[in-house]
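A.B. asks: just coords:
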């Protein structure tokens, strides 16, 4: 019987749809001009006394969310993305037939409301309804509040229902939009220009990751969805654009987790004549500015700074990864401290494991981890004073990486050697090794100035600034199993 109920509800709504058409009413009109957001309509009347009416005529529109009363008068709640407004419908204004039709509408129907603003004697700012229009008939009932709207599968697979029902969800994604707008404002103000680089690439690059592969029929060639924008953006630095940024989708053919989605949004920027210290300073300023635009003040510069090797030693009982520069030696040092040794293929992968397992979860306050092994960083410039390291940092907050930055490698011969090392790693079975990109090396051979570069994960930054613990909460339509 429970399975039959939804079908009957759908049938009832369809009968209402046909009845409206028989009456000559278009249930899906083309437009409803003059609509203003509910919050904008209500804002000027905060001080309107209880029981007082105005002659200010306005139009609002949204989804019918609640209904109370019948007969000669009724109250209805209308919801748009900015808020909720009570409508007061009276038979002496609308007429019996129009009021009856209004009260026969279903919750979830989209309507437009035209009337004057007043405050009820109980203090509710409302709209005295002078006229209304059905704007879209809802043929499916919304999920019940305590069932479908808290179900994770429903919320993420049918985000439209989550947005309809949960004001908190709407706030998250409106906040996300404000964050991206603030990022652009800061970068534009600081002399960066926004660019767009290819999503379909003949050679993927700029990170260690497996790509998504596709085929171009006309060209009869394999192409890849980009895993990063880095190499193309640095070619623009070679070309003399000097300060560039891109906000766009990257794609990595890897697993999903609370902080990983196969497609994700990244900000990357590159600035000539700068190094990783300059970029760190700018990153602090940017994130702090963005946070203030959404009502937070926890990211004031300067952020904490700690060397990667020191951080690992501090959290693993004193393991010095640079004193154990082979896979076997580092694994033995871990066993001596009763630490689990995962089945990794290289020393660099084992270092990354120590970072992810023992250091990252403990970095709650904004922190820069500085100076990485060259084996973990094929595009970073070698450290000016520390052998075997590169000038790279990652930024962490709330136990999660949000940014990665380098003093960029601009020596084409050194870059060629590192590509060769990556090619050897790929031949040995490393599925995430970086492919050899001759076009990029040739670009470097024309001369790239000293450059600082950074990638900031927009999704993770939104997680931090909205207090969400899963990337699925901040991506409108996340990948689902």
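C.D. replies: Yes, it's here. Remember, it's a predicted structure, so these values are computed and weren't measured experimentally.

A.B. asks: who are the contact partners of residue 283?
C.D. replies: 395, 403, 405, 454, 456 (Cβ atoms under 8 Å, 6 or more residues apart in numbering). In this view, the C-beta of every residue, glycine as well, is placed from N, C-alpha and C.

A.B. asks: for the chain, which spans come out with low pLDDT?
C.D. replies: Within the chain, the segments meeting pLDDT under 70 span 1-5, 145-149.

A.B. asks: could you redo the last one with a cut-off of 50?
C.D. replies: Along the chain, segments meeting pLDDT under 50 span 1-4, 148.

A.B. asks: closest to residue 81 out of the contacts of residue 283?
C.D. replies: Set against residue 81, the nearest of the contacts of residue 283 by Cβ to Cβ is residue 456 (26.9 Å).

A.B. asks: so what sits opposite the closest one in the bridge?
C.D. replies: Under the criterion DSSP bridges, residue 456 forms beta bridges with residue 267, residue 403.

A.B. asks: pretty sure it is touching residue 397, no?
C.D. replies: No: using Cβ atoms under 8 Å, residue 456 is not in contact with residue 397; the gap is 11.5 Å.

A.B. asks: list the contacts for the residue located most distally from the centre of the chain?
C.D. replies: Note on the chain: the largest C-alpha distance from the chain mean falls to residue 92, namely 49.4 Å (Cα atoms, centre = their mean). Listed by Cβ under 8 Å, 6+ apart, the contact set of residue 92 reads residue 72.

A.B. asks: for residue 124, see how far away it is.
C.D. replies: Remark: distance between residue 92 and residue 124 (Cβ to Cβ, to the nearest Å) = 20 Å.

A.B. asks: returning to that earlier point: distance-wise, check the residue farthest from the centre of the chain relative to residue 74.
C.D. replies: According to Cβ to Cβ, residue 92 stands 13 Å off from residue 74.

A.B. asks: one more: residue 173?
C.D. replies: Distance of residue 173 to residue 74, given as Cβ to Cβ: 32 Å.

A.B. asks: ranges for the strands of the stretch 351-481 of the chain?
C.D. replies: Using DSSP state E, counting those that start in this stretch, the strands assigned to the stretch 351-481 of the chain run over residues 367-373, 389-397, 400-407, 451-457.

A.B. asks: can I get the ones you listed in a markdown table including mean neighbour count and distance to residue 329?
C.D. replies: Compiled in a markdown table, those are given as follows (neighbours: other Cβ atoms under 10 Å; distance: least, Cβ to Cβ, whole Å):
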| stretch | mean neighbour count | distance to residue 329 |
| --- | --- | --- |
| strand 367-373 | 22 | 14 |
| strand 389-397 | 23 | 18 |
| strand 400-407 | 23 | 27 |
| strand 451-457 | 23 | 32 |
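
A.B. asks: make JSON lines out of the ones you listed and add distance to residue 79.
C.D. replies: Formatted as JSON lines, the strands of the stretch 351-481 of the chain follow (distance: least, Cβ to Cβ, whole Å):
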{"stretch": "strand 367-373", "distance to residue 79": "41"}
{"stretch": "strand 389-397", "distance to residue 79": "34"}
{"stretch": "strand 400-407", "distance to residue 79": "34"}
{"stretch": "strand 451-457", "distance to residue 79": "32"}
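
A.B. asks: tell me which of those lies nearest to residue 338.
C.D. replies: Closest of the strands of the stretch 351-481 of the chain to residue 338 is strand 367-373, at 24.2 Å (criterion: Cβ to Cβ).

A.B. asks: give me the sheet partners of that closest one and which way each runs.
C.D. replies: When pairing is defined by DSSP bridges, strand 367-373 lines up against strand 304-307 (parallel), strand 389-397 (antiparallel).

A.B. asks: so it versus strand 400-407, what angle?
C.D. replies: If you take axes from the mean of the first three to the mean of the last three Cα atoms, to 10 degrees, strand 367-373 sits at 50 degrees to strand 400-407.

A.B. asks: contacting residues around strand 367-373?
C.D. replies: 280, 303-309, 311, 321-322, 348, 351, 355, 359, 363, 380, 383, 386, 388-397.

A.B. asks: list the buried residues of stretch 74-82.
C.D. replies: For stretch 74-82, a neighbour-count test (16 or more other Cβ atoms under 10 Å) marks 74, 75, 76, 77, 78, 79, 80, 82 as buried.

A.B. asks: sorry, that was for stretch 182-202
C.D. replies: The neighbour-count check on stretch 182-202 (16+ other Cβ under 10 Å) flags 182, 183, 186, 187, 192, 197, 201 as buried.

A.B. asks: helices or strands up against the helix or strand where residue 222 lies?
C.D. replies: According to DSSP states H and E, residue 222 maps onto strand 221-225. Under the contact criterion of 3 or more Cβ pairs under 8 Å, 6 or more residues apart in numbering; DSSP states H and E, strand 221-225 touches strand 200-201, strand 213-216.

A.B. asks: mind putting these in JSON lines, distance to residue 134 included?
C.D. replies: Formatted as JSON lines, those follow (distance: least, Cβ to Cβ, whole Å):
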{"stretch": "strand 200-201", "distance to residue 134": "44"}
{"stretch": "strand 213-216", "distance to residue 134": "44"}
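
A.B. asks: determine which of those approaches residue 243 most closely.
C.D. replies: Nearest to residue 243, of all those, is strand 200-201, at 23.0 Å by Cβ to Cβ.

A.B. asks: for residue 327, what are its contacts?
C.D. replies: Going by Cβ under 8 Å, 6+ apart, residue 327 touches 344, 345, 346, 347, 350.
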